[in-house]
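Colleague: give the three-dimensional model of this entry:
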Amino acid sequence: MRYQLSGLPAVEIVPGFARKRDWLAHLDLLAELPYPSLALMPSILAAVRSRIDCTVGGFGWTDGSLNPTAFMTEHMSLRAYQWWIDNASEFFTLCPIQTQWSSGGESFRRLIAEPAFARTTFFDEVFGSQGLRWATLAPVRIGGGYGFLSVYRPLESGAFTDDEHVLLGRGAQALGGLDRRQHPWQTPAPVETALAGEATLLVQADGALAARSQEAARLLYLQGGANMHTLEWARMDWHALPTLVKEAVRTLFEQPAPELKRRMSLYQPWGRFEFVLEKMPHQAACTEPLVVVGIRYFEATDITVARRLAAQPPRKAAGGGRHAKHQSGRVGTDARHHRADAQDLQP
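Modeller: Numbers count the residues shown, from 1 in each chain. Now for the predicted structure:
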């Protein structure tokens, strides 16, 4: 069994799906868990990638009128995200989202496959900058609006075939249970959590970020709800931080003590975000101190357990048949058995 949960939203698994129906049953299981789709999406995209030959998976959300609201992809490229958010209207002019829905994603696949698309600025900034060339997409009706499941791969892998497009569509339809039990942003009841991602950034006394990893930017983006209408999370100053965290950092700098530490947690419907702030003196005596900000993301343990079950082969039923749906449906029970060793799943 292999897990790599530290790279949220890129979540690695070694699945035990012997057949396509096992894979579809697992997607159905994830979609039925009582958590917002944003919390489930890292696991869903990893499962999609386990069956469909692709480098990156993505998912976009719209409201009931097909207005885009959020977008998540497994491998965040700041360059691609910044261009995409600033110029999304350019893409939707080329490929209207209403047409993407009505064509079952086929209009998107055809546009990407055209040689002329590879000569656009959109391609250079979003696809080319990440070494990607081909993509396909499948829409699905979910609670609160619509979802668009997409996959991407490089030039050498070849364009997505008709069969792969159909398979992606089957996978998308298995996700129809997403957000059906609650509004997408409704906070669920308190649940046990497991560490699913962590990163660090450095803040200078003037508010500038001295260093920030792509993972830190990804976690800030997730903490803000994967909102594709703002780039605050991508700023290279403390305004990229949640307001309460930013003010806490500012307070540490204002206090005369050379070394201080503070821990705070922010709760979102899709998980708990813990921030550890530590003020420390710079090695150079004439330089202002720094505040190190550690970010840790915790997801519901049930989601971690469901991912663990994906790595186990389906068990035989009493009659000798193998029922992936039955195997997947045991999450509520198995979660109670596996929570004791949830620490094994942490990075």
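Colleague: all the strands of the stretch 1-150 of the chain, residue numbers only.
Modeller: If DSSP state E, counting those that start in this stretch is used as the criterion, the strands of the stretch 1-150 of the chain fall at 56-62, 68-73, 134-142, 145-153.
Colleague: can I get the ones you listed in CSV with mean pLDDT and mean neighbour count?
Modeller: In short, each C-beta sits where N, CA and C put it, glycine included. Shown next, in CSV, are the strands of the stretch 1-150 of the chain (pLDDT from 0 to 100; neighbours: other CB atoms under 10 Å):
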stretch, mean pLDDT, mean neighbour count
strand 56-62, 94, 24
strand 68-73, 89, 20
strand 134-142, 96, 23
strand 145-153, 96, 23
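Colleague: out of those strands, flag the one nearest Glu198.
Modeller: strand 68-73 (18.2 Å; CB to CB).
Colleague: ok, residues contacting the closest one?
Modeller: 9, 38, 41-42, 45, 56-63, 84, 88, 92, 97, 145, 222, 225-229 (CB atoms under 8 Å, 6 or more residues apart in numbering).
Colleague: repeat that for 7 Å
Modeller: The contact list for strand 68-73, computed with CB atoms under 7 Å, 6 or more residues apart in numbering, reads 9, 41, 56, 58-63, 88, 97, 225-228.
Colleague: using CSV, list the CA coordinates for that strand.
Modeller: Extracted in CSV, the C-alpha atoms of strand 68-73 (Å, rounded to 0.1, in the frame of the first residue of the first chain):
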residue,chain,number,x,y,z
PRO,A,68,-18.2,29.2,-12.9
THR,A,69,-17.5,29.4,-9.2
ALA,A,70,-14.5,27.3,-8.3
PHE,A,71,-11.8,25.1,-9.9
MET,A,72,-9.3,22.6,-8.6
THR,A,73,-6.5,20.7,-10.3
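Colleague: between strand 56-62 and that strand, find me the angle.
Modeller: Inter-element angle recorded for strand 68-73 and strand 56-62: 170 degrees (by axes from the mean of the first three to the mean of the last three CA atoms, to 10 degrees).
Colleague: can you list the low-confidence ranges for the stretch 101-250 of the chain?
Modeller: 182-190 (pLDDT under 70).
Colleague: quick one, helices of it?
Modeller: Counting by DSSP state H, counting those that start in this stretch, the segments of the stretch 101-250 of the chain that form helices are 106-113, 121-122, 162-173, 214-223, 243-254.
Colleague: would you turn those helices into a markdown table with mean neighbour count and distance to Val305?
Modeller: Shown next, in a markdown table, are those (neighbours: other CB atoms under 10 Å; distance: least, CB to CB, whole Å):
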| stretch | mean neighbour count | distance to Val305 |
| --- | --- | --- |
| helix 106-113 | 19 | 34 |
| helix 121-122 | 14 | 39 |
| helix 162-173 | 18 | 21 |
| helix 214-223 | 22 | 20 |
| helix 243-254 | 16 | 30 |
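Colleague: just send those back as TSV, with distance to Met280 too.
Modeller: Below are the helices of the stretch 101-250 of the chain laid out as TSV (distance: least, CB to CB, whole Å):
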stretch	distance to Met280
helix 106-113	48
helix 121-122	43
helix 162-173	47
helix 214-223	18
helix 243-254	10
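Colleague: what average pLDDT does the longest helix along the chain get?
Modeller: Longest helix of the chain, by residue count under DSSP state H: helix 78-94. Averaged over helix 78-94, pLDDT sits at 85.
Colleague: Val292 falls within a strand, correct?
Modeller: Yes - counting by DSSP: H, G, I helix; E, B strand; the rest coil, Val292 falls inside a strand.
Colleague: which ones are touching it?
Modeller: By CB under 7 Å, 6+ apart, the neighbours of Val292 are 200, 202, 278, 280.
Colleague: doesn't the third one fall inside a strand?
Modeller: Yes - looking at Glu278 with three-state DSSP, it is inside a strand.
Colleague: roughly how far apart are it and Gly105?
Modeller: According to CB to CB, to the nearest Å, Glu278 and Gly105 sit 47 Å apart.
Colleague: again with Glu288
Modeller: For Glu288, the distance to Gly105 (CB to CB) stands at 52 Å.
Colleague: quick one, which of these two is more surrounded?
Modeller: Gly105 (24 against 11; other CB atoms under 10 Å).
Colleague: which one is that one nearest to, not counting chain neighbours?
Modeller: Leu137 (3.8 Å; CB to CB, 6 or more residues apart in numbering).
Colleague: so which pair among the contacts of strand 68-73 is furthest apart in space?
Modeller: Top of the distance list for the contacts of strand 68-73 (CB to CB): Val56 and Asp63, 24.8 Å.
Colleague: give the contact list for the closest residue to Tyr221 other than its chain neighbours.
Modeller: The shortest distance from Tyr221 to any non-neighbouring residue, by CB to CB, 6+ apart, is to Trp233 (4.7 Å). Counting by CB under 7 Å, 6+ apart, Trp233 touches 217, 220-221, 224, 240.
Colleague: and the furthest pair within those residues?
Modeller: Between any two of the contacts of Trp233, the greatest separation by CB to CB is 10.8 Å, found for Ala217 and Gly224.
Colleague: show the contacting residues for the closest residue to Tyr81 other than its chain neighbours.
Modeller: Distances taken as CB to CB, 6+ apart place Ala234 nearest to Tyr81, at 6.8 Å, with adjacent residues excluded. By CB under 7 Å, 6+ apart, the contact set of Ala234 is 78, 81-82, 217, 240.
Colleague: thanks a lot, see you next time.
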